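Q: just the structure for this:
(one chain, ligands or ions: 2)
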Amino acid sequence: MRDVASVEGSRRDCMELEFPAPISLSVIFPAFNEEANIRRTVEAARMVLPKLAQTWEIILVNDGSRDATTPICDELAEQFPEVRAIHHMVNRGYGAALKSGILAAQYDYIFFTDSDGQFDLQELEHLLQYASEYDIVTGYRAKRQDPPHRLINAWGWKTLVRLVLGVRVRDIDCAFKIFQRSVFDRVQIRSVGAMVNTEILAQANSFAMRIHEVKVSHYPRRAGKSSGANLRVIARAFKELFRLWGQLRNVTHEQPGLFRTEGLLTEVALYRRDAFDAAPSGGGILARSVRVDSDAQSKVGSNCFAD
Ligand SMILES: Nc1nc2c(ncn2[C@@H]2O[C@H](COP(=O)(O)OP(=O)(O)O)[C@@H](O)[C@H]2O)c(=O)[nH]1
Ligand SMILES: [Mg+2]
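A: Ligands and ions are numbered 1, 2, ... in the order given. The predicted structure follows:
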């Protein structure tokens with residue numbers, strides 16, 4: 001009789017994928033004042049992604065940066081055909097940036113991570129093993145490289161979110177998540193700040209979506225500044241949490257998600273229309289670089305990191 005370990009081993013073997021997997025993948029990098037990191041992050045991603053997915057794109061969402069992130073993103077989009085840049089003309093917040101990236105994503109799987117190089121994109125391979133089987137595969141940081149007060153905040157936040165919203169994942173805000181595109185046919189994004197992770201997972205929970213967690217590495221920031229927590233930010237996160245609690249009680253199974261919301265189609269159209277204008281033949285190629293300056297969310301979000 002085979003022991004448990006070997007059964008487990010063979011089960012894992014069956015899940016091993018051939019790489020590059022026959023999938024299409026959109027990779028989103030939200031960036032705020034990342035002049036010192038963004039080029040290195042994109043260049044590293046360009047090395048890794050061809051090994052992981054047959055078709056892929058990189059979407060840089062520059063969220064009103066005040067340093068040289070804007071020209072660097074444009075240069076990258078100019079230089080590499082798989083890279084596109086979306087620029088918010090003002091800083092709208094992490095959630096708003098993620099939403100812009102997701103709306104612009106063309107492919108079947110949507111992945112996001114940070115632009116500052118604190119994660120290792122090669123570990124996306126571990127998430128991809130589960131991506132077809134689960135609606136969401138989310139990383140959890142094995143050893144989070146943040147100061148002690150951030151770890152305490154994160155623990156408190158996790159406990160609160162668990163109690164209030166019933167979200168039971170180890171590392172809610174881990175910026176290493178992959179979604180099946182269909183998730184956003186039902187899931188909405190209304191948070192403009194870092195509450196976005198909680199918001200997505202809480203809705204996924206209400207819809208009984210399948211979520212899997214995978215351990216990932218986390219490295220110290222090499223350059224630039226972290227938009228860490230301050231009292232104002234924490235107060236705002238609490239406010240958003242209670243608003244979300246109210247909204248989540250009203251989530252219905254018919255709720256249209258991000259990809260199905262009429263109002264937002266204007267924003268999607270913006271990306272596509274620019275794209276068509278940019279294509280000599282009048283269609284087919286998406287814009288390399290898009291500037292977005294009108295949105296109800298403008299200025300509301302700014303840096304809203306809960307932990
Ligand atoms: N869109 C957007 N992204 C931000 C903002 N602040 C930080 N980021 C990005 O979010 C990611 C994580 O930010 P970081 O400050 O490193 O947070 P930490 O890793 O939790 O300390 C990085 O890619 C930042 O560039 C913001 O206001 N808007
Ligand atoms: Mg960081």
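Q: Validate this expectation: I152 resides in a helix.
A: Yes. Counting by DSSP: H, G, I helix; E, B strand; the rest coil, I152 is found in a helix.
Q: so it versus T159, what's the distance?
A: As for I152, its distance to T159 is 11 Å (criterion: C-beta to C-beta, to the nearest Å). (C-beta placed from N, C-alpha, C; glycine too.)
Q: tell me where the model's unsure across the stretch 201-307 of the chain.
A: Residues of the stretch 201-307 of the chain meeting the criterion pLDDT under 70: 227-230, 232-233, 236, 262-287, 293-307.
Q: assign I59 to helix, strand or coil.
A: strand.
Q: does ligand 1 have contacts with the strand or helix carrying G156?
A: Here G156 sits within helix 148-165, counting by DSSP states H and E. No. Judged by C-beta under 6 Å from any ligand atom, helix 148-165 stays clear of ligand 1, getting no closer than 7.2 Å.
Q: can you pull the buried residues of that helix?
A: 150, 153-154, 157-158, 161, 165 (16 or more other C-beta atoms under 10 Å).
Q: quick one: name whatever helix or strand follows it.
A: Assignment by DSSP H and E places the next element after helix 148-165 at strand 176-180.
Q: that next one: partners in the sheet, and parallel or antiparallel?
A: Under the criterion DSSP bridges, strand 176-180 sits next to strand 109-113 (antiparallel), strand 136-141 (antiparallel) in its sheet.
Q: how about a markdown table for these, with mean pLDDT added?
A: Below are the strands paired with strand 176-180 laid out as a markdown table (pLDDT from 0 to 100):
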| stretch | mean pLDDT |
| --- | --- |
| strand 109-113 | 98 |
| strand 136-141 | 97 |
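Q: quick one: which of those is nearest ligand 2?
A: strand 109-113 (9.9 Å; C-beta to the ion).
Q: contacts for the closest one, please.
A: Strand 109-113 is contacted from outside by 23-30, 53, 98, 101-102, 119, 121, 124, 127-128, 131, 175-181, 183-184, using C-beta atoms under 8 Å, 6 or more residues apart in numbering.
Q: tell me the pLDDT at the closest residue in space to E82 that isn't next to it in sequence?
A: Leaving out its chain neighbours, the residue that sits closest to E82 by C-beta to C-beta, 6 or more residues apart in numbering is E57, at 5.2 Å. E57 carries a pLDDT score of 96 in this model.
Q: what is the burial count for E57?
A: 20 (other C-beta atoms under 10 Å).
Q: that one: what's it in contact with?
A: Counting by C-beta under 8 Å, 6+ apart, E57 makes contact with 25-27, 82-84, 105-107.
Q: quick one, helices of the protein?
A: Counting by DSSP state H, the chain has helices at residues 4-15, 38-52, 69-79, 94-104, 124-131, 148-165, 183-186, 196-206, 231-249, 262-278.
Q: how about the residues of the stretch 201-307 of the chain by ligand 2?
A: Residues of the stretch 201-307 of the chain lying close to ligand 2 (C-beta under 5 Å from the ion): none.
Q: burial measure for the residue in the stretch 201-307 of the chain positioned nearest to ligand 1, as a count.
A: Proximity to ligand 1, evaluated over the stretch 201-307 of the chain using C-beta to the nearest ligand atom, is greatest for S226 at 3.3 Å. Residues contacting S226 under the criterion other C-beta under 10 Å number 15.
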